[in-house]
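Chemist: kindly return the folded structure for what I paste below:
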Amino acid sequence: MNAFAQMRAGRTARRIPQLLLGLAGYGAAVMLLVQSGLGAAGWNVLTEGTARSLGISFGWATNLISLLVLTAWIPLRELPGIGTVLNVAIVGFAADATAMLLPAPQGVLAQIGYLTLGLVALAFFDALYLGAQFGAGPRDGIMTGLVRLTRLPVSVVRTGIEVTVAVAGWLLGGTVGVGTVLIALCMGPLVGCFLPRVAVPLPAATAPRRRTWPREAAEAAEDPGPVDCNLHSPVGNARMLDTHG
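Modeler: A predicted model of the protein is given here:
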């Protein structure tokens, strides 16, 4: 759906707050993982490496990568939506704001707590803004595009992407730790678990009925075609609906 269709799809009173909360929470969760010091998500390793290489803040590096990743949407035939634009505008700044407010963890137990909470929060808020159905973020657009083209499960595609970008980030100087491996292995299954529970169902669009001319109606009455008496089959259901419609 394009941006106009996303707004006309309905249930905006729930979807818009869910989108904004998901994006802001995602940025906060990213920084929670970075502050743990035990390794962040693959994309965040890439962001850290990019920030160090270019001498810019983590948030600005996040926004820069988001813009570059959007170019990969072209061969995947993904359409940007409202959520795509807001992802670029919100996530990086939410991460920088969290960095200014979040105290550094004191001790290994606190680091493990940051890592655990950050991992669950990252997956939940990721699913939250995806479930608002305003379009995927730049990084998740690659995931949803590959899922659509390859027909592979979300967990498999997401894990593959996380491993790939983590290696690229490490080559650029990003920090890879035990948390990076844990996130790469668990992020896909967690998103796959949360997404069906937070996705906002939208009303299906109904196709207009084709106008039937008198001659066509008479021919159809003379030759109704084969009858399927199995009401549980698609043909049987279609004929029942047509009979009672």
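Chemist: can I get the helix or strand where Val69 lies in CSV, CA atoms only?
Modeler: Using DSSP states H and E, Val69 sits within helix 58-69. The C-alpha trace of helix 58-69 is given here as CSV (Å, rounded to 0.1, in the frame of the first residue of the first chain):
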residue,chain,number,x,y,z
PHE,A,58,25.4,6.9,16.7
GLY,A,59,22.0,8.5,15.9
TRP,A,60,23.2,10.3,12.7
ALA,A,61,24.9,7.1,11.6
THR,A,62,21.6,5.3,12.1
ASN,A,63,19.8,7.8,9.9
LEU,A,64,22.5,7.7,7.2
ILE,A,65,22.4,3.9,7.0
SER,A,66,18.6,4.1,6.8
LEU,A,67,18.7,6.3,3.7
LEU,A,68,21.3,4.1,2.1
VAL,A,69,19.4,0.9,2.8
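Chemist: name the residues of the following helix or strand past it that are buried.
Modeler: Downstream of helix 58-69, the first helix or strand assigned by DSSP H and E is helix 73-76. If you call a residue buried by 16 or more other Cβ atoms under 10 Å, then helix 73-76 has these buried ones: Trp73. (Each C-beta comes from the backbone N, C-alpha and C, glycine too.)
Chemist: quick one: average confidence on helix 73-76?
Modeler: Per-region confidence: helix 73-76 scores 80 on mean pLDDT.
Chemist: and if you look at stretch 13-24?
Modeler: 92.
Chemist: can you pull out the helices in the chain?
Modeler: 3-8, 12-36, 42-54, 58-69, 73-76, 82-101, 108-131, 138-150, 154-171, 178-198, 214-222, 234-244 (DSSP state H).
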